[in-house]
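1. All I have is the shape, not the residue letters:
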């Protein structure tokens with residue numbers, strides 16, 4: 001957003017990222033539930049700013065900042081000088097000290113997260129199909145933690161995926177064997193929107 005606001009102005013902007021694409025996070029749930037391909041939510045940074053003469057991109061990992069020297073320290077390459085610095089390091093999952101959450105949960109902040117969750121869900125479908133007797137006992141119980149927009153979207157998209165899997169993709173487990181449990185710490189869903 002900062003680079004977009006500065007595009008076309010009289011300043012020189014350099015974007016540094018360890019990935020050469022921007023992920024549209026609000027649609028990651030669609031990748032995680034096989035509704036979209038990863039390429040549908042990942043856009044090459046160079047393409048986004050290709051027409052902006054004052055914006056360049058450096059494919060690198062930031063190792064630190066030498067504030068007194070006005071330099072961003074990059075791994076495996078020379079430091080990058082700056083006059084002003086915007087640090088936009090992104091987001092990562094918070095597990096709030098809940099035992100087992102980081103080991104067994106599936107956060108949804110990156111394309112890697114979305115692919116990992118999608119692969120897990122699809123493996124569970126295959127497992128339930130291969131052993132239909134076990135389906136009611138757990139392979140198809142999905143627990144979504146968080147009743148905000150992402151959690152609600154994930155739960156709905158999982159239900160849609162299960163419907164499609166049973167009706168159109170040849171899975172033979174009963175749809176009723178699949179359960180989606182949505183858990184939130186508050187007494188209602190989508191609290192920020194009420």
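-> Yes, it's here. Keep in mind that this is a model prediction, so the values were computed, not measured.
2. Flag the shaky bits of this structure, pLDDT-wise.
-> For the chain, the stretches flagged by pLDDT under 70 are 136.
3. So which residues of it form strands?
-> 13-17, 21-23, 42-44, 55-59, 62-66, 71-74, 80-81, 141-145, 179-183 (DSSP state E).
4. Compute the distance between the closest residue to residue 172 other than its chain neighbours and residue 173, please.
-> Nearest non-adjacent residue to residue 172, counting by CB to CB, 6 or more residues apart in numbering: residue 129, 5.8 Å away. Using the backbone N, CA and C atoms, a C-beta is placed for each residue, glycine as well. From residue 129 across to residue 173, the span is 6 Å (CB to CB, to the nearest Å).
5. Please say which of the two ends up with more neighbours.
-> Neighbours were counted for residue 129 and for residue 173 using other CB atoms under 10 Å; residue 173 has more, 23 against 18.
6. From what I see, that one and residue 137 are in contact.
-> No - the pair residue 173 / residue 137 is not scored as a contact, 11.6 Å apart, by CB atoms under 8 Å.
7. and residue 60, how many neighbours does it have?
-> Burial of residue 60 is recorded as 16 neighbouring residues (other CB under 10 Å).
8. Show me the beta-bridge partners of the closest residue to it other than its chain neighbours.
-> Leaving aside its sequence neighbours, residue 60 sits nearest to residue 74 (CB to CB, 6+ apart; 4.4 Å). As for beta bridges, residue 74 partners with residue 62 under DSSP bridges.
9. residues contacting the residue nearest to residue 172?
-> Contacts for residue 129 were tallied using CB atoms under 8 Å, 6 or more residues apart in numbering; they are 171, 172, 173.
10. got the contact list for the last one?
-> Contacts for residue 173 were tallied using CB under 8 Å, 6+ apart; they are 125, 128, 129, 132, 135, 140, 166.
11. surely the fifth one meets residue 174?
-> Yes - counting by CB under 8 Å, residue 135 sits close enough to residue 174 to count as a contact (7.0 Å).
12. Comparing those two, which residue is more hemmed in?
-> Counted by other CB under 10 Å, residue 135 and residue 174 do not tie: residue 135 has more neighbours, with 24 against 13.
13. and the strands of the chain as JSON lines, adding mean neighbour count?
-> Shown next, in JSON lines, are the strands of the chain (neighbours: other CB atoms under 10 Å):
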{"stretch": "strand 13-17", "mean neighbour count": "16"}
{"stretch": "strand 21-23", "mean neighbour count": "18"}
{"stretch": "strand 42-44", "mean neighbour count": "16"}
{"stretch": "strand 55-59", "mean neighbour count": "17"}
{"stretch": "strand 62-66", "mean neighbour count": "13"}
{"stretch": "strand 71-74", "mean neighbour count": "17"}
{"stretch": "strand 80-81", "mean neighbour count": "14"}
{"stretch": "strand 141-145", "mean neighbour count": "17"}
{"stretch": "strand 179-183", "mean neighbour count": "13"}
